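[1] predicted structure and sequence below. I'll ask about it afterward.
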Amino acid sequence: MSNSDPKTRPRPGPWPPAPDSSAMPPSSWAKRTGFKPKFSGETNASDSGQISLPPKPREPEAKPDLEAGRVRPAPAVNGDAEAEKLPPSSVKEQTVKKRRDSDGVPKSSVPSTNGQVTATTVAPTADRASHQRRTSRHEEVIDVLPQTVDDDGIGSRHSHMKYDLRDSPGLVPIGLYGIQHYISIVGSLILIPLVIVPAMGGTQEDTSMVVSTVLFMTGVSTLLHTNFGSRLPLIQGPSFVYLAPALAIINSSEFQGLNGNKFKHIMKELQGAIIIGSAFQAFLGYSGLMSLLVRLINPVVVSPTIAAVGLSFYSYGFPLVGSCIEIGAVQILVVIIFSLYLRKISVLGHRIFLIYAVPLGLAITWLAAFLLTEAGAYNYKGCDINIPASNMISEHCRKHVSRMKHCRVDSSHALKSSPWFRFPYPLQWGTPVFHWKMALVMCVVSLISSVDSVGSYHASSLLVASRPPTPGVLSRGIGLEGLAGVLAGLWGTGTGSATLTENIHTIAVTKMGSRRAVELGACMMIVLSLVGKVGGFLASIPEVMVAGLLCYMWAMLTALGLSNLRYSEAGSSRNIIIVGLSLFFSLSIPAYFQQYGISPSSNLSVPSYFQPYVVASHGPIHTKYGGFNYALNTLFSLHMVVAFLVAVILDNTVPGSKQERGVYVWSDSESARREPDVTKDYELPFRVGRVFRWVKWVGL
């Protein structure tokens, strides 16, 4: 897998055969899922919601034998002697099949569960016997690769990925693709600190330091995950899953009256809650409980849960964009044009407008805002942006101070005040403060973060690995995410560490699945975090542009969450009702909690877009236990928590076949140990796995 030329490198089959075919037990995927393969001959979804293959001449179906737990091999039509053994219906299709073979179309394409397909090619005549044995083995295990290929090139791993998980194409390609990975998801990395630090009362210098800390911890946690976690090329960083609970803690009533050092006081409270919540997540993973909970987590649960994360911030997005509509709206339109209308334009073989829609849109809009500022579009006679609004005497200046603050690009001094070199260190804001009520909220949120990671592990493995991970590897990855979250709490990033869902889209678009590229990019993030001016530059992004980018990022997160439904029967009335109820109640129930007890004349001390996060002080749950009231009022005001509870209860109590539910297919531990490629994909490096071999629930 280390050959530097992907075109000449021999590609293994989707399921590399074991040395001894008798040692590999027949797969029981059919028994587990009740899958019934279909060839609809249409490009759209079938009635049941399964994705269908593109139009092709019909060929004999490979029908599943539910009793034997395997797929019946399709009749061979490689020669006349073999054709004599076929039934008449198969003989009639020999002409069509030979024509397809001459056109270079794979001879056997077998659909499988979770919207996946495998393809086997015919070996030369001299190796026909051995090929038939391999084909039968490949047909037994058919739950690996994505089935369809869209216009973005997302499809079968072996057909469309440039580099797979263990490929090392060379230092230069790895470096370029590593930078590409991180630049393409720069919005997910830096936008959360730009939201929470000002909300905590932090200065622009504080924002710069938090951004640098986030870059540092992103690099460290990603290196840990690719080496000792799931080992998939997934970037670990500040997740939007933690944003809503962080804002709920920041806007707690006990912090409203703070004046001096408000930022550090709230940050220490956040650190304590994140450390406890992440420690709980690490316990879920390394204790093996996650391998049990994963049986309850399916695409029908993951989809509305992650979609609710993106939908929950509608009150923050465009209302803040409207504070400088000519800048914020242009920001949104530019990103939309790049990512949708110009997505197929390639430059040097790279779809730069699709991959770099966010950074390119930010650069262009920032330049336009700079030109408007320099041209004097936001200059008002006698008004100075550096004078606080409370000290302005002129009513004319007070009227325009908000516009000057949000539209001008020179209102931030973060770049000038930040040092050239700064090393982020643990406990830089002080000793964390622990309160059980806030820790309880973060423990539940860490469970939601684990649900997000389950979907990310499965989707990424279909693209880059030889098989999906085993439940033990999944538990190991969740456990290490918890440990990385503890480190993030100690360093003070303001959020926990989790798998960035947007990374899956980047892998599919760039077709780069090498973990070496992600690791080299992580090292670059660590180096950049030491340059204080980098954090200062990123912290100086105007607030209205941040809101414009977040509108796009949250919409993408919602869509990526719903895309998990492709692994289930999306057209099933059962799934439609469950997802619909989950999404509706995830918006309606939190709205009830957030609006309870607030009269139209209430004067809250927080901006209107932060008012949904002060629910802990006025929620409907009132008992004699104040901490209990705080935890429940806060949890039920979080959209993702309600979506998860509704979805997981309905999906696991409403009857439905495993195929209809789209149950995630994980690799069997015993079978994976006998597959060399699977072992190399997921085995811990430096023989660390031997130390933990006795812990079966966190390994192969």
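    Received, thanks.
[2] sec struct for residue 237, please.
    strand (DSSP: H, G, I helix; E, B strand; the rest coil).
[3] tell me how far it lies from residue 165.
    Distance of residue 237 to residue 165, given as CB to CB, to the nearest Å: 20 Å. (Each C-beta comes from the backbone N, C-alpha and C, glycine too.)
[4] before we move on, what about residue 596?
    Taking CB to CB, one finds residue 596 at 49 Å from residue 165.
[5] okay, the two: which has more neighbours?
    residue 165 (25 against 14; other CB atoms under 10 Å).
[6] count the neighbours of residue 377 for me.
    Residue 377, neighbours per other CB under 10 Å, totals 12.
[7] ok, the residue nearest to it when sequence neighbours are not counted - contacts?
    Spatially, and ignoring its direct neighbours in sequence, residue 377 is nearest to residue 407 (7.7 Å; CB to CB, 6 or more residues apart in numbering). With contact set as CB atoms under 8 Å, 6 or more residues apart in numbering, residue 407 has these partners: 324, 326, 327, 369, 372, 373, 377, 378, 542, 544.
[8] buried only: go through those for me.
    With burial judged by 16 or more other CB atoms under 10 Å, the buried subset of the contacts of residue 407 is 324, 327, 369, 372, 373, 378, 542, 544.
[9] so which of the residues you listed are in helices?
    327, 369, 372, 373, 544 (DSSP state H).
[10] measure residue 645 to residue 493 for me?
    Distance from residue 645 to residue 493, by CB to CB: 27 Å.
[11] then residue 369?
    Taken as CB to CB, the span from residue 369 to residue 493 is 28 Å.
[12] kindly report the same for residue 422.
    15 Å.
[13] residue 555 too?
    24 Å.
[14] and if you look at residue 640?
    On the measure of CB to CB, residue 640 and residue 493 end up 20 Å apart.
[15] low-scoring stretches of the stretch 101-250 of the chain, by residue?
    101-160 (pLDDT under 70).
[16] wait, I meant the stretch 501-650 of the chain
    Ranges of the stretch 501-650 of the chain meeting pLDDT under 70: 599-608.
[17] where do the helices sit along it?
    502-510, 515-529, 532-539, 543-562, 573-595, 626-635, 639-653 (DSSP state H, counting those that start in this stretch).
[18] which other helices and strands does the third one contact?
    With contacts defined as 3 or more CB pairs under 8 Å, 6 or more residues apart in numbering; DSSP states H and E, the secondary structure elements packing on helix 532-539 are helix 186-199, helix 204-228, helix 414-417.
[19] turn these into JSON lines, columns for mean neighbour count.
    Output for the helices and strands packed on helix 532-539, formatted as JSON lines (neighbours: other CB atoms under 10 Å):
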{"stretch": "helix 186-199", "mean neighbour count": "22"}
{"stretch": "helix 204-228", "mean neighbour count": "25"}
{"stretch": "helix 414-417", "mean neighbour count": "16"}
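[20] nearest to residue 273, out of these?
    helix 186-199 (12.9 Å; CB to CB).
[21] what angle do that closest one and helix 502-510 make?
    150 degrees (axes from the mean of the first three to the mean of the last three CA atoms, to 10 degrees).
[22] taking helix 543-562 as reference, get the angle to helix 186-199.
    130 degrees.
[23] now do helix 186-199 and helix 515-529, the angle between them.
    30 degrees.
[24] quick one: helix 186-199 to chain centroid distance?
    The chain centre lies 17 Å from the centre of helix 186-199; the measure is CA atoms, centre = their mean, to the nearest Å.
[25] likewise stretch 300-314?
    12 Å.
[26] going forward, the N-terminal residue is numbered 292.
    Taking 292 as the first residue, the last one we looked at is stretch 591-605.
[27] how about that stretch as CSV, C-alpha atoms only?
    What follows is stretch 591-605, C-alpha atoms only, in CSV (Å, rounded to 0.1, in the frame of the first residue of the first chain):
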residue,chain,number,x,y,z
VAL,A,591,-32.5,6.7,12.0
VAL,A,592,-31.2,7.9,15.4
VAL,A,593,-28.0,9.7,14.2
SER,A,594,-29.7,11.6,11.4
PRO,A,595,-32.2,13.8,13.4
THR,A,596,-29.8,14.1,16.3
ILE,A,597,-27.0,15.7,14.2
ALA,A,598,-29.5,17.7,12.1
ALA,A,599,-30.9,19.2,15.2
VAL,A,600,-27.4,20.5,16.1
GLY,A,601,-27.4,22.6,13.0
LEU,A,602,-31.0,23.7,13.2
SER,A,603,-30.7,24.8,16.8
PHE,A,604,-28.7,28.0,16.0
TYR,A,605,-31.2,29.7,13.7
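[28] hey, which helix is longest across this protein?
    helix 727-755.
[29] return the residues in contact with the most centrally placed residue in the chain.
    Nearest residue to the geometric centre of the chain (CA atoms, centre = their mean): residue 792, 0.7 Å. Counting by CB under 8 Å, 6+ apart, residue 792 touches 530, 597, 743, 746, 747, 848, 851, 852.
[30] most neighbours among those, which one?
    residue 597 (29 neighbours).
[31] give me every residue that touches that one.
    742, 743, 746, 792, 848, 849, 851, 852, 855, 931.
[32] how near is the second one to residue 792?
    For residue 743, the distance to residue 792 under the criterion CB to CB works out to 6 Å.
[33] overlap in contacts, those two.
    530, 597.
[34] for the residue nearest to residue 842 when sequence neighbours are not counted, give me the pLDDT.
    For residue 842, ignoring the flanking residues on the chain, the nearest one in space by CB to CB, 6+ apart is residue 608 at 4.3 Å. The model reports residue 608 with a pLDDT of 82.
[35] tally of neighbours for residue 608?
    Neighbour tally, residue 608, other CB under 10 Å: 22.
[36] wait, it touches residue 843, no?
    No. If you go by CB atoms under 8 Å, residue 608 and residue 843 don't touch, sitting 9.3 Å apart.
[37] related to what we said a few turns ago, among the ones in helices among the buried ones among the contacts of residue 698, which one lies nearest to residue 579?
    For these, the nearest to residue 579 is residue 835 (47.2 Å; CB to CB).
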